[in-house]
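> can you look at this prediction? I've put the sequence above it.
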Amino acid sequence: EGRGIARQHLPRLSERFYRVEGQTSGGTGLGLAIVKHVVNRHRGGVLVESAEGEGTTFSVYLPVAAG
């Protein structure tokens, strides 16, 4: 639940220090960049789904180790 993020901002969310105009959060814009870097190093991926006025969902996918 929440405001959601406009579609045009989604591709840039993992850029360091990127902030959506008009959003006033206390962070510096590094959190998602760090998450994406760590997940990429583990050969995974980050999926962002958002609808304005409905909210945003972040999903992290990591490969399963061969048994």
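Right, received. Where do you want to start?
> when you work out contacts or count neighbours from here on, use the C-alpha atoms and nothing else.
Fine.
> what ranges do the strands span in this protein?
Per DSSP state E, the chain carries strands over the ranges 45-51, 55-61.
> pull up the pairing partners for the last one, direction included.
The sheet places strand 55-61 alongside strand 45-51 (antiparallel), with pairing taken from DSSP bridges.
> low-confidence ranges, this structure, go.
Applying pLDDT under 70 to the chain flags residues 22-28.
> so Thr56 touches Gly4, yeah?
Yes. Counting by C-alpha atoms under 8 Å, Gly4 is a contact partner of Thr56 at 5.1 Å.
> what do the two both touch?
Counting by C-alpha atoms under 8 Å, 6 or more residues apart in numbering, the common neighbours of Thr56 and Gly4 are Ser50.
> deepest-packed of the strands of the chain, please.
strand 45-51 (a mean of 15; mean count of other C-alpha atoms under 10 Å).
> chain center to it: distance?
Relative to its chain's centre, strand 45-51 lies at 6 Å (C-alpha atoms, centre = their mean, to the nearest Å).
> what are the ranges of the helices in the protein?
31-41 (DSSP state H).
> I'd say Thr57 and Val48 touch.
Yes. Using C-alpha under 8 Å, Thr57 makes contact with Val48 at a distance of 5.8 Å.
> for Gly29, which non-adjacent residue is closest in space?
Closest residue to Gly29 apart from its sequence neighbours, by C-alpha to C-alpha, 6 or more residues apart in numbering: Phe17 at 4.0 Å.
> separation between that neighbour and Val64?
To Val64, Phe17 is 31 Å away according to C-alpha to C-alpha, to the nearest Å.
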